[in-house]
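> Pasted the sequence and its predicted model underneath.
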Amino acid sequence: MRSRDELRRETLRMAIAAAYNTQKQAGRELTDDEVVQVLGREIKKRREAIDAYRGAGREDAAEREQAEAEILAGYMPEQLDEAELGQMVAQAIAQVSAESPRDMGKVMAALMPLVRGRADGKQVSALVARQLAQRDLALHQH
């Protein structure tokens, strides 16, 4: 805040307010994981706003939302790369003995607590779906 970076200051104030409101609703102090969830929700809101603004031709507003999302992302845990995530998906599939896309819910339930804040939920579900489809195809070819 002392660096006079107004965008960073305002973005962090909004994130702190969101965490404070969540804490008030919970009636207790938030855990580190819960703070990461709050930041994740704030980033997701920014991404949705970017799409809405771009759809409406408001590139200036979309750029501000993008800048805010990038500021918040700097406070998130290090993101998993595609290879690490793929490995974790394969382990979760094996752990719950998933065999087809019908088992997606079981795999996601096992996987999300491990990757929360470190990977985008859409990316995770796409990888799970892809690996389950490949597994299902391999099982039915034999």
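Good, I have the coordinates.
> Could you use CA atoms for every contact and neighbour count after this?
OK.
> what's the pLDDT at the spatially most central residue of the chain?
Centroid-nearest residue in the chain, with C-alpha atoms, centre = their mean: Asp120, separated by 3.4 Å. Note on Asp120: pLDDT of 83.
> next one: phi and psi at it?
Main-chain torsions, Asp120, degrees, to the nearest 10: phi -70, psi 130.
> From Asp32, how far out is it?
Taking C-alpha to C-alpha, to the nearest Å as the measure, Asp120 falls 18 Å from Asp32.
> What of Ala73?
Going from Ala73 to Asp32 by C-alpha to C-alpha gives 15 Å.
> what's the answer for Ala49, then?
26 Å.
> Which residue of the two possesses the greater neighbour count?
Ala49 (17 against 9; other C-alpha atoms under 10 Å).
> Just the buried residues of the helix or strand where that one lies, please?
Under the criterion of DSSP states H and E, Ala49 resides in helix 32-55. If you call a residue buried by 16 or more other C-alpha atoms under 10 Å, then helix 32-55 has these buried ones: 35-40, 42-43, 46-47, 49-50, 53.
> Break the chain down into its structural domains.
By the assignment in automatic domain parsing, the chain contains the domains 6-73, 82-141.
> Where among the ones you listed is average confidence lowest?
Taking the mean pLDDT of those, domain 82-141 comes last: a mean of 89.
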